[in-house]
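Peer 1: Show me how the following folds:
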Amino acid sequence: MTQYRLIGGNASPYSQKLRGIMRYRRIPHIWVLRTQALREQLSDVQPMLVPILEYPDGTRRTDSTPLALDLEERHPEARRIQPDTPALAFLSHLIEDMADEWLTKCMFHYRFAYPEGQAYGPHWVIDDQRPELTSEAEFEAARAAFLARQSGRMPLVGCTPENAPVIEASYHRVLRIMESFVRRDGYLFGSRPSLADFGIYGQLKTLATDPTPMAMMRDEAPHTEHWLRRLDDASGVEGEWRSLDALSPAVTELLQLAGDTYLPFLLANARAGDAGEQSFSLELNGQRYAQDVFRYQIKCLRWLQSHFAGLDAHNQAAIRRLLRETGCLEALEAS
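Peer 2: Purely as a prediction, here's the structure:
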């Protein structure tokens, strides 16, 4: 049987996202943890980021969103994760992008800013990646090196003490939104999961394991934690898409988060980068947020703008009012 090989990590939200998609879509694959030995065998893959998807012909590619969309094209049969209506597919993509690029700050923050996360997260990662370390001294040295490297990257991704209030507010806000609908509606765009659901799933799956955000989730959003367990393998789920005029209120609330937080952040980052500046700051919901320019996220804004601009007039018109009312339209049409 022709199958893929998905190489990733249990502590990687993007690996969990793509694995969840492939399980739901019933795409034959095997799951392989990326160990240090395997990392050396994959030295030709650049950048060396997980997940890595090895195609049946031996080709290897990275970056979870392009991979998910490529699988949509390669396997056009039922169980697609993008709604049939282009306007809804765009909204799904926008929410998924926010999960990938903004909600991930919550994962990084809680894993490396709190003592319990610093103790747990690196131990989890090194246990998965370095099975060859048989002595406690070697293991501890590897764990400490990983913690130091990741802690040193925190300012790069905006996870600073100064930004913590903005980041933590976003996490609690997402928990409130998810908890409001997971029992009643099932998934964001219907009774079947979308790209947006899997984007949120990947981030929340790891947050539901790291100790500090896990405790918060169990206290504030217990049904959301159970929803994550169900979405881990949704290969038995059958369902339909909602129509545009019957959207879940949770979609609107997530778009409001994109409109008042994520897209203003993307726009400020892109404008600073285009101006040749090294860093930027802005006010988000009454709180200052600052970080260095992140080049990949300039591409994210351009992809979203291009996707929206590529919609035909009918589909643009169908969601223009919603995007305006949630504060998303300005950034999507900004030059």
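
Peer 1: Low-confidence regions, the stretch 101-250 of the chain specifically.
Peer 2: Residues of the stretch 101-250 of the chain meeting the criterion pLDDT under 70: none.

Peer 1: now the helices for it?
Peer 2: Counting by DSSP state H, counting those that start in this stretch, the stretch 101-250 of the chain has helices at residues 104-113, 115-129, 136-152, 164-179, 195-207, 211-220, 222-232, 249-257.

Peer 1: Return the most buried member of those.
Peer 2: Neighbour counts (mean count of other C-beta atoms under 10 Å) averaged over each of these peak at helix 195-207, with a mean of 28. Bear in mind the C-beta positions are built from the backbone N, C-alpha and C, glycine included.

Peer 1: ok so, going back, export the helices of the stretch 101-250 of the chain to a markdown table and append columns for distance to Gln3.
Peer 2: A markdown table is the format used below for the helices of the stretch 101-250 of the chain (distance: least, C-beta to C-beta, whole Å):
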| stretch | distance to Gln3 |
| --- | --- |
| helix 104-113 | 29 |
| helix 115-129 | 22 |
| helix 136-152 | 31 |
| helix 164-179 | 32 |
| helix 195-207 | 20 |
| helix 211-220 | 33 |
| helix 222-232 | 20 |
| helix 249-257 | 34 |
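
Peer 1: List the contacts of Lys205.
Peer 2: Lys205 sits next to 13, 16, 20, 228, 232 when contact means C-beta atoms under 8 Å, 6 or more residues apart in numbering.

Peer 1: With distance to Asn285 as new columns, can those be given to me in CSV?
Peer 2: As requested, the contacts of Lys205 are exported to CSV (distance: C-beta to C-beta, whole Å):
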residue, distance to Asn285
Pro13, 24
Gln16, 28
Gly20, 30
Leu228, 26
Asp232, 32
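
Peer 1: between those, which is closest to Thr65?
Peer 2: Of all the contacts of Lys205, Pro13 has the smallest distance to Thr65: 12.2 Å, by C-beta to C-beta.

Peer 1: nearest residue to that closest one other than its sequence neighbours?
Peer 2: Gly202 (3.9 Å; C-beta to C-beta, 6 or more residues apart in numbering).

Peer 1: Quick check: that neighbour vs Leu311, distance?
Peer 2: Going from Gly202 to Leu311 by C-beta to C-beta, to the nearest Å gives 26 Å.

Peer 1: now do Thr206
Peer 2: For Thr206 relative to Leu311 (C-beta to C-beta), the value is 32 Å.

Peer 1: Repeat that for Phe198.
Peer 2: For Phe198, the distance to Leu311 (C-beta to C-beta) stands at 22 Å.

Peer 1: what do you get for Asp97?
Peer 2: Distance, Asp97 to Leu311, by C-beta to C-beta: 16 Å.

Peer 1: These two: which has the busier surroundings?
Peer 2: Comparing Asp97 with Leu311 by other C-beta atoms under 10 Å, the one with more neighbours is Asp97, at 24 against 17.

Peer 1: show me what contacts that one?
Peer 2: 65, 199, 300, 303-304.

Peer 1: Centroid-nearest residue for the protein?
Peer 2: When C-alpha atoms, centre = their mean is applied to the chain, the residue found nearest the centroid is Asp100 (2.6 Å).

Peer 1: how would you label that residue: helix, strand or coil?
Peer 2: With DSSP: H, G, I helix; E, B strand; the rest coil as the basis, the three-state label of Asp100 is helix.

Peer 1: which non-adjacent residue is nearest it?
Peer 2: Gly199 (5.6 Å).

Peer 1: Name the SS class of Asn10, please.
Peer 2: coil.

Peer 1: Looking at the helices of the stretch 101-250 of the chain, which is nearest to Ala78?
Peer 2: helix 195-207 (15.7 Å).
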